[in-house]
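K.L.:
This is a predicted model, with the sequence first.
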Amino acid sequence: MSNRSIGLDDRLYQYLLSVSLREPEILRRLREETAAIPQAGMQISPEQGQFMALLVKLTGAVRVLEIGVFTGYSSTAFALALPEHGRITAFDISEEWTSVARRYWELAGVADKIDLRLGPAIEKLDTLIAGGQAVGTYDFAFIDADKENYDGYYERALQLLRPGGLLLIDNVLWGGSVADEAKDDVDTAAIRALNRKIHADGRVEISLLPVADGVTLAMKLNEAPRH
Ligand code: SAM
Ligand code: CA
């Protein structure tokens, strides 16, 4: 027995799924279709989707921001968890991969809930922020796009969230590379730097969960009072 997070071998992982996964049929089909493409490893796992969908419900989120759509697994899971009037603003740069997402949003009956902004997400987020009206209005955000821009996404998502809003950041353990001194590629360095920055960031309350490839939960705090 130990109070450390347990490592999951294949047998225990399969057991976890067998007693807890309740994957909607439409998400299973999306996962099977995505499995055929070489980049399938970018997709979140089904139990992570279920966990984040539960968080959407727990927080009562209505307005969701997603940075990194790929073929649509997480966005569809969020959309299914949202109330009828819930809305997702989603960002991705790939027409090809998001065309799969769009097809599944239609099949899942959630297409009306999702506003996809195609292009470099930093630019698209800046446009949204510059409009003024969206700042401080989102309840929930998920960052899962290119790791090099993670810090830029973090800062912009914080602006767009309301105080008390929840930000999730994916892949913060990056397959263990973040703790491996021999690894110093651009992606590892970017994730490491953001992890360190968030640890010391008084604007958020945090928890880093060793779920899947590591997920940081960060709740935006109220602005510090000005004196
Ligand atoms: N959340 C997705 C899911 O549930 O399957 C996985 C997202 S995948 C890890 C990362 C996505 O980020 C890819 O679809 C890629 O096209 C997108 N991306 C990469 N660079 C980007 C950029 N500069 N701006 C916007 N999207 C970008
Ligand atoms: Ca990811």
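P.N.:
That came in fine, so what should we check first? Not measured: the values here are computed from a predicted model. Ligands and ions are numbered 1, 2, ... in the order given.

K.L.:
okay, CA-based contacts and neighbour counts for the rest of this
P.N.:
Will do.

K.L.:
Sheet-wise, list the partners of the strand ranked longest in the chain with their directions.
P.N.:
Using DSSP state E, we find that the single longest strand of the chain is strand 161-170. Sheet neighbours of strand 161-170, with direction, are listed as strand 138-143 (parallel), strand 215-220 (antiparallel) (DSSP bridges).

K.L.:
Give me the distance between it and the centre of its chain.
P.N.:
On the basis of Cα atoms, centre = their mean, to the nearest Å, strand 161-170 sits 10 Å off its chain's mean C-alpha point.

K.L.:
Repeat that for stretch 72-82.
P.N.:
11 Å.

K.L.:
Any idea which residue is closest to the centre of this structure?
P.N.:
Geometric centre of the chain, nearest residue: residue 142, 2.9 Å, by Cα atoms, centre = their mean.

K.L.:
OK, contacts around it?
P.N.:
Residues near residue 142 by Cα atoms under 8 Å, 6 or more residues apart in numbering: 65-67, 167-170.

K.L.:
follow-up on the earlier one: quick one: which of the strands paired with strand 161-170 is nearest ligand 1?
P.N.:
For the strands paired with strand 161-170, the distance to ligand 1 is smallest for strand 138-143, at 7.8 Å, taking Cα to the nearest ligand atom.

K.L.:
ok, and does the closest one reach over to ligand 1?
P.N.:
No - using Cα under 6 Å from any ligand atom, strand 138-143 stays clear of ligand 1, coming no nearer than 7.8 Å.

K.L.:
So which other helices or strands are in contact with the one helix or strand residue 198 maps to?
P.N.:
Assigned by DSSP states H and E, residue 198 belongs to helix 186-199. With contacts taken as 3 or more Cα pairs under 8 Å, 6 or more residues apart in numbering; DSSP states H and E, helix 186-199 sits against helix 150-160.

K.L.:
any chance you could map the helices in the chain?
P.N.:
For the chain, helices defined by DSSP state H occupy the ranges 10-20, 25-34, 46-59, 73-81, 95-107, 121-130, 150-160, 186-199.

K.L.:
can you state the direction angle for the third one and strand 161-170?
P.N.:
The reference is to helix 46-59. 170 degrees (axes from the mean of the first three to the mean of the last three Cα atoms, to 10 degrees).

K.L.:
what packs against helix 46-59?
P.N.:
Using 3+ Cα pairs under 8 Å, 6+ apart: helix 46-59 touches helix 73-81.

K.L.:
Hey, what's the angle from the helix it packs on to strand 138-143? Just curious.
P.N.:
Following the same axes, to 10 degrees, one obtains 160 degrees for the angle between helix 73-81 and strand 138-143.

K.L.:
Residue 171 touches residue 210, doesn't it?
P.N.:
No - taking Cα atoms under 8 Å as the definition, residue 171 is not a contact partner of residue 210, at 9.6 Å.

K.L.:
Counting neighbours, go ahead and name the busier of these two.
P.N.:
For residue 171 versus residue 210, the count of surrounding residues by other Cα atoms under 10 Å is larger for residue 171: 21 against 15.

K.L.:
roughly how far apart are the more buried one and residue 201?
P.N.:
To residue 201, residue 171 is 19 Å away according to Cα to Cα, to the nearest Å.

K.L.:
Check the gap between residue 186 and ligand 1 for me.
P.N.:
14 Å (Cα to the nearest ligand atom, to the nearest Å).

K.L.:
That residue reaches residue 146, doesn't it?
P.N.:
No - Residue 186 is beyond contact range of residue 146, at 10.7 Å (criterion: Cα under 8 Å).

K.L.:
Low-confidence regions, the chain specifically.
P.N.:
Low-confidence segments of the chain (pLDDT under 70): 224-227.
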